[in-house]
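K.L.:
okay, here's the prediction I keep looking at, along with the sequence it came from:
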Amino acid sequence: MNAEAALAVIRTSPLSGVFVTLLAYKLAVLFNRRCHGHPLSNPVLIGVLLLLAWLLLTGTSYHDYMKGGQFIQMLLGPATVALAVPLYSNLSRLKRAAGPLAISIGLGGLCGIASAVGLAMLFGLPHEVVMSFTTRAVTTPIAMSVSQGVGGIPELSAMFVILSGIFGAVIVKPLFSLMGLADDMVLGVATGVSAHGIGTARVFQLSETAGAFSGLAMGLNGLLTAVLVPLLAPLLH
């Protein structure tokens with residue numbers, strides 16, 4: 001087998017997608033530790049850049065990569081459900097703040113949808129792209145499913161979700177420090193509503209309480225988006 005044939009096998013093998021994804025994330029985590037957790041060294045950001053470099057260097061298409069990448073994507077659902085475990089340890093605090101939390105998450109979810117759609121329409125983007133933007137603040141499985149149902153492009157929605165999550169994970173701590181905010185619950189809710197799983201993973205590094213409330217906000221915002229977007233979609237034509 002010559003080099004070109006071997007490369008073709010590597011491109012199309014499902015194991016390549018799994019191996020390269022895990023390797024990229026492992027290297028990204030090591031880099032983040034070497035940088036002492038600097039926001040710009042976020043493991044997801046670095047991991048994505050490493051994956052993009054590999055795809056470009058080997059000429060691997062997204063379709064071929066996802067033959068293996070889809071197996072890792074399937075773990076997003078169970079991982080999201082597992083976030084309920086740390087939340088249980090904060091159950092008493094959750095009960096005391098149930099009302100304000102519900103209002104904050106509801107308004108945050110609405111603002112996320114409205115701002116994304118508003119900006120997309122302001123720049124005159126095609127309707128399919130506008131609809132893809134509507135789910136940018138929720139987890140990838142929900143975003144792709146809802147986007148497909150309302151006429152968006154699932155793959156584009158996934159990209160918007162990842163970019164939103166990376167941006168939120170990078171900016172959340174410096175922004176809260178700049179604003180003089182120190183409440184872990186506030187940090188968690190704000191991150192979960194705007195930066196979903198990627199942001200949640202980041203604030204878990206800062207505080208388990210913040211991570212727990214971020215997971216709650218992410219889940220409820222996902223549910224809210226899954227209900228609201230299909231209802232609002234006909235108004236965006």
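P.N.:
Okay, I see it.

K.L.:
which strands and helices lie in contact with the host helix or strand of A217?
P.N.:
Take DSSP states H and E as the rule and A217 turns out to sit in helix 208-232. The contact analysis (3 or more Cβ pairs under 8 Å, 6 or more residues apart in numbering; DSSP states H and E) places helix 208-232 against helix 76-82, helix 84-88, helix 91-96, helix 98-122, helix 140-149, helix 184-206. For glycine as for every other residue, the C-beta is placed from the backbone atoms N, C-alpha and C.

K.L.:
how about low-confidence regions in this protein?
P.N.:
Within the chain, the stretches with pLDDT under 70 are 1-7, 9, 77, 80, 237.

K.L.:
quick one, domains of it?
P.N.:
Listed by automatic domain parsing, the domain ranges of the chain are 1-74, 78-237.

K.L.:
list of residues touching stretch 163-178?
P.N.:
39-40, 42, 44-45, 48, 136-137, 182, 187, 190-191, 194-199, 201-203, 206 (Cβ atoms under 8 Å, 6 or more residues apart in numbering).

K.L.:
typo on my end, it should be stretch 66-74
P.N.:
Contact partners of stretch 66-74, identified using Cβ under 8 Å, 6+ apart, comprise 12-22, 140-141.

K.L.:
which one of these is nearest to L57?
P.N.:
Closest to L57 out of the contacts of stretch 66-74 is V20 (11.0 Å), distances taken as Cβ to Cβ.

K.L.:
quick one: that closest one from A212, how far?
P.N.:
V20 is 32 Å from A212, where distance means Cβ to Cβ, to the nearest Å.

K.L.:
equivalent analysis for R93, please.
P.N.:
Distance, R93 to A212, using Cβ to Cβ: 9 Å.

K.L.:
okay, these two: which has more neighbours?
P.N.:
Comparing R93 with A212 by other Cβ atoms under 10 Å, the one with more neighbours is A212, at 28 against 16.

K.L.:
am I right that N90 is in contact with T209?
P.N.:
Yes. Assessed by Cβ atoms under 8 Å, N90 is found in contact with T209 at 5.8 Å.

K.L.:
on that earlier part again, among the helices and strands packed on helix 208-232, which is nearest L220?
P.N.:
Of all the helices and strands packed on helix 208-232, the one in closest proximity to L220, counting by Cβ to Cβ, is helix 98-122 (5.0 Å).

K.L.:
how far away from the center of its chain is the closest one?
P.N.:
Distance of helix 98-122 from its chain centroid, counting by Cα atoms, centre = their mean, to the nearest Å, is 16 Å.

K.L.:
got the angle between it and helix 208-232?
P.N.:
For helix 98-122 against helix 208-232, the angle by axes from the mean of the first three to the mean of the last three Cα atoms, to 10 degrees is 50 degrees.
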